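Engineer: just need the structure, nothing else, for what follows:
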Amino acid sequence: MDVQKTKVILVGNSMFPAWGGEKKDIPNVEQNMDLLKKIFTDANYFGIPDDAKHLVEIKNKTSQEILLTVKHETKSFLEKDLFDRLIFYYSGHGIPGEDSNLFFASNDTVRSDYEITSVNSHRLFSYLEAFGAKELIVILDCCYAAQSKENQGDADSLISKSLPEDKTELDESENGIYYLFAAGKDNVAKFNPQEPKKPTYFTEALLNTIGKGTEPGRDFITIGEVYIQLRKEIAELKKSVDADIPEPRPVLQGNVNGFLFCKNIKFKNQEDKDWSELREDPSMKKLLLFKEKYPESRFENEMDDLTIRVLEAQKALKNMEENKDIKLAVQIKKLYEDIPYIKKRADAFINSQLAVNASQEDKDIESASFQEPSLKDFSNNIANSSAATLVKQTEIKQPENASFSMEHGSAARPK
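Structural biologist: Coordinates of the predicted model:
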């Protein structure tokens, strides 16, 4: 998929001042246009160059302005031979006309004179085919408010009858065309005017499909895969928003299911792998090497955030070591657990401080033991003191007892 050889034309009409009768504006179309331009120019999904040659926007123009611009950008485009692929998108009211022809409403459309004041789909499609691209993808999110009292955006029901006759096989010299519609021939597409800041349901599902990607390991998504995923997204909207949202419908001319449509956001290339490894164990050295290897990385914003985070962590480590602050070390471990070497240094600091404190504690205990007698020593001292006192008292009393005994002994001894 060469984006330099891809041209995108986005046509959107959200205002219909000349329609007649009640107001028929579709403010959601503005969101469709803005979000699609953003995703088409995003290198993660398409990477279409944002210049007049590759990306053409036509907003709220008259029918003649739309046809002239499309003609000049396709059939009459002088450099059309440089392009291999054309993607055309229209969002707005669709009007089923006579002979099952479809008309696209424009800024000057008068409903009662639609065949003169709106865009004839046959003529517009002829311009697209005249561009001569090998791959033509036409996406129509085509709605008009006519039947619903709630003004929920009833869409055209005769799109497929406006197309050239279906072909299942093409000659090698012919180009393929993939048409993708918001609704089938008997259904109506919907939008919610009460949420004007959201895209229409079909375009919302398309944006979600592109934004989510498919399974990892594949770098691109084909238009056929987009349709499959789109149906799943529509099914989710039917469950959560409006059960009457119709199924999208494709019309294929040729073997076009395999047309590459956009990049797969889930694909992991070497840059993805290198970033994943860096993110698992970041450091300033690794960040510098990554930046040198990918000077225009799509992870630039994430890399800037990570650089600031690592610098802040290093500053916290410095404060921790200078102040010998264990409390700060514990905070660093919790706050920067996603940066392994920062967490390890904080943990090592905590262990070293615990070891120092434990050693000092042993010394304090030993010093206290040396200076203070033990309980056993205290008991022995008390016992020895008591014994000494008793001996001394005995020695003092012994002479008196002896004299008394001798005295009485002499008196009592018989002669």
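Engineer: need the contact list for residue 208.
Structural biologist: Contact analysis of residue 208 by C-beta atoms under 8 Å, 6 or more residues apart in numbering lists residue 233. Any C-beta I mention is one placed from the backbone N, CA and C, and that applies to glycine too.
Engineer: residue 66 too?
Structural biologist: 11, 58, 104, 106, 119, 124.
Engineer: so what's the nearest residue to it once chain neighbours are set aside bridging to?
Structural biologist: Distances taken as C-beta to C-beta, 6 or more residues apart in numbering put residue 119 closest to residue 66, at 5.3 Å, once the chain neighbours are dropped. For residue 119, the beta-bridge partners under DSSP bridges are residue 104.
Engineer: per-residue confidence at residue 119?
Structural biologist: Here the pLDDT value assigned to residue 119 is 95.
Engineer: and residue 22, by the same measure?
Structural biologist: Looking at residue 22, its pLDDT stands at 80.
Engineer: what of residue 245?
Structural biologist: At residue 245, the model reports a pLDDT of 87.
Engineer: likewise residue 376?
Structural biologist: The model's pLDDT for residue 376 equals 53.
Engineer: could we number from 41 for the rest of this?
Structural biologist: In the new numbering, first residue 41, that becomes residue 416.
Engineer: tell me who's in contact with the residue nearest to residue 106.
Structural biologist: 103, 106-107, 143-146.
Engineer: re the thing from before, ChimeraX command to pick out the buried ones of the contacts of residue 106?
Structural biologist: Of the contacts of residue 106, the buried ones can be selected in ChimeraX as follows, counting by 16 or more other C-beta atoms under 10 Å:
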select :51,98,144,146,159,164
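Engineer: mean confidence score for stretch 110-123?
Structural biologist: Here stretch 110-123 scores 96 as its mean pLDDT.
Engineer: and stretch 374-386, by the same measure?
Structural biologist: In this model, stretch 374-386 has a mean pLDDT of 93.
Engineer: next one: stretch 362-371
Structural biologist: 93.
Engineer: for it, buried residues please.
Structural biologist: In stretch 362-371, counting by 16+ other C-beta under 10 Å, buried: 365-366, 368-369.
Engineer: ditto for stretch 134-152
Structural biologist: Buried, per 16+ other C-beta under 10 Å, within stretch 134-152: 134-137, 141-149, 151.
Engineer: again with stretch 299-308
Structural biologist: 299-304, 307.
Engineer: give me the subset of the residues you listed lying in strands.
Structural biologist: Cross-referencing these against strands under DSSP state E gives 300-303.
Engineer: as TSV, those residues with pLDDT would be great.
Structural biologist: Formatted as TSV, those follow (pLDDT from 0 to 100):
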residue	pLDDT
300	92
301	94
302	94
303	92
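Engineer: so which of the residues you listed is the closest to residue 355?
Structural biologist: residue 303 (38.6 Å; C-beta to C-beta).
Engineer: ok, and the closest non-adjacent residue to the closest one?
Structural biologist: Nearest non-adjacent residue to residue 303, counting by C-beta to C-beta, 6+ apart: residue 85, 5.5 Å away.
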